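1. Show me how the following folds:
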Amino acid sequence: MKQSSVVSLPLLGEGKPRRDPFGRWVCVKSSKIRGVSNPATGKANITAFLFLVLLSSSAFSQSALKVSPRESLTALSGDFRLDVAYAATPVPARFDSLLMEQQKKSGLQAAAMSLALPGAGEFYVGDYWKAASFLAAEVGLWIVYAAYESKGDDQTKLFESYADQHWSVVKYAQWVEQYGQTLNPNADPAKLSGLINPNNPNAPPWERVYWDRLNAAENEIGKGTRTFFSHQLPMRPEQQYYELIGKYPQFNTGWEDAQNLNEINFHTDLTQRFLDYSKMRGEANDFYNIASTAGKLLVLNHVLSALDAAWSAASDNKRVTMEAHVLPVQRPFGIVEFVPTARVSVII
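-> Modelled structure (predicted):
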């Protein structure tokens, strides 16, 4: 039987001796062996199959992740077996070392998103529980704000209607004409009379007085000492009109149940209508105060969510990095196995 003789150098293939990438001279003498298979050929085929599988999986991984090569791939010699042996040597970085980092998040973008809609920036960063918390707070505060703003509006309509039915600026002006001079003896009598328009007896009370004259009389009485006339009544339907008549005893005399009130007791003997109206206005103010507090908390929720989103983005960018390498490992019988390895760094 005719046998082949092979030199003890790494195999390159048929041809003349030449230098490999390590600077060594290699050559091959071979002859065909009939009926005998070469074991080295089978090993090379297995290694080639593994290498192709590795390349396929690497291509799939790179399509799903952001991969940045750390070093360029060393040029191959053209002979598969020599390149495999070359990769198995301890010389570093014969194959690419890949650094895969999660995509960095913009802190400015996260803050802007949460400033517009609390929780949006946290969702963008990936903090889903925080996103849900800020969004739930936003929804809840809006519900509170809308509910109590509506209650305040309804209560306002209620006490305004109550005032129109039970408080009369005509009755108040008549009392001013009668007791104004007594409250302030130094007041000009001409300014304390002619406050009521007699030409419209069937018109609503707020249309039957001369408002400029009434305000001048109030101002004249207020010039005296301890007269308890501190305000001038605005025209209906201004908001201050409805506020003053249930806030200051000066206007106690205009309520329909005001009886026997003089310059001495008008500010102390408050009527039941006055007290009931004051309570109604107080309830409306309470509703508006709750709505106002909810509105302030809404603004605060936007600001806190924006700050948290920016901080979360910055923290998340520094917290996790992952390195992946393909390491060649020399196995028995000259087989080189490529082992994917990964290292994850978590900063807490």
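
2. how far away is W167 from P205?
-> W167 is 8 Å from P205, where distance means C-beta to C-beta, to the nearest Å. C-beta here means a position set from N, CA and C on the backbone, and glycine is covered the same way.

3. Which one's more surrounded, those two?
-> Taking neighbours as other C-beta atoms under 10 Å, W167 and P205 compare with W167 leading, 27 against 17.

4. May I have the phi/psi pair for the more buried one?
-> phi -120, psi 140 (degrees, to the nearest 10).

5. Then P234?
-> The phi/psi pair for P234 (degrees, to the nearest 10) reads phi -70, psi 160.

6. ok, it - how many residues close by?
-> Other residues close to P234 by other C-beta under 10 Å number 15.

7. Let me know whether it touches Y242 as I believe.
-> No: distance between P234 and Y242: 9.4 Å, which falls outside the contact criterion (C-beta atoms under 8 Å).

8. could you pull out the helices for the stretch 101-250 of the chain?
-> 107-116, 120-125, 128-166, 169-183, 211-222, 239-244 (DSSP state H, counting those that start in this stretch).

9. sec struct for T293, please.
-> Taking DSSP: H, G, I helix; E, B strand; the rest coil as the rule, one finds T293 in the helix state.

10. Name all residues that make contact with Q155.
-> M280, E283, A284, F287 (C-beta atoms under 8 Å, 6 or more residues apart in numbering).

11. okay if I get those residues as TSV plus pLDDT, secondary structure and distance to K105?
-> Listed next are those as TSV, based on pLDDT from 0 to 100; DSSP: H, G, I helix; E, B strand; the rest coil; distance: C-beta to C-beta, whole Å:
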residue	pLDDT	secondary structure	distance to K105
M280	97	helix	53
E283	97	helix	48
A284	97	helix	46
F287	97	helix	42
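
12. Return the member of those residues nearest to A116.
-> Using C-beta to C-beta, F287 comes nearest to A116 of the contacts of Q155, at 28.5 Å.

13. Y148 versus the closest one, what's the distance?
-> F287 is 5 Å from Y148, by C-beta to C-beta.

14. so what's G246 scoring on pLDDT?
-> At G246, the model reports a pLDDT of 95.

15. got a list of what it touches?
-> G246 makes contact with F159, A163, F274, Y277, S278, M280, R281, according to C-beta under 8 Å, 6+ apart.

16. so what's W211 closest to, chain neighbours aside?
-> Residue nearest to W211 in three dimensions, not counting chain neighbours: M235, with 5.2 Å by C-beta to C-beta, 6 or more residues apart in numbering.

17. Check the gap between the one you found and P189 for me.
-> According to C-beta to C-beta, M235 and P189 sit 25 Å apart.

18. Those two: which has the busier surroundings?
-> M235 (15 against 10).

19. does that one really touch N215, like I thought?
-> No: judged on C-beta under 8 Å, M235 makes no contact with N215 at a distance of 9.3 Å.

20. Just the buried residues of stretch 204-224, please?
-> Across stretch 204-224, burial judged by 16 or more other C-beta atoms under 10 Å covers 205-206, 208-209, 211, 213-218, 220-222, 224.

21. Revised request: answer the last question for stretch 131-141.
-> A131, S133, F134, L135, A137, E138, L141.
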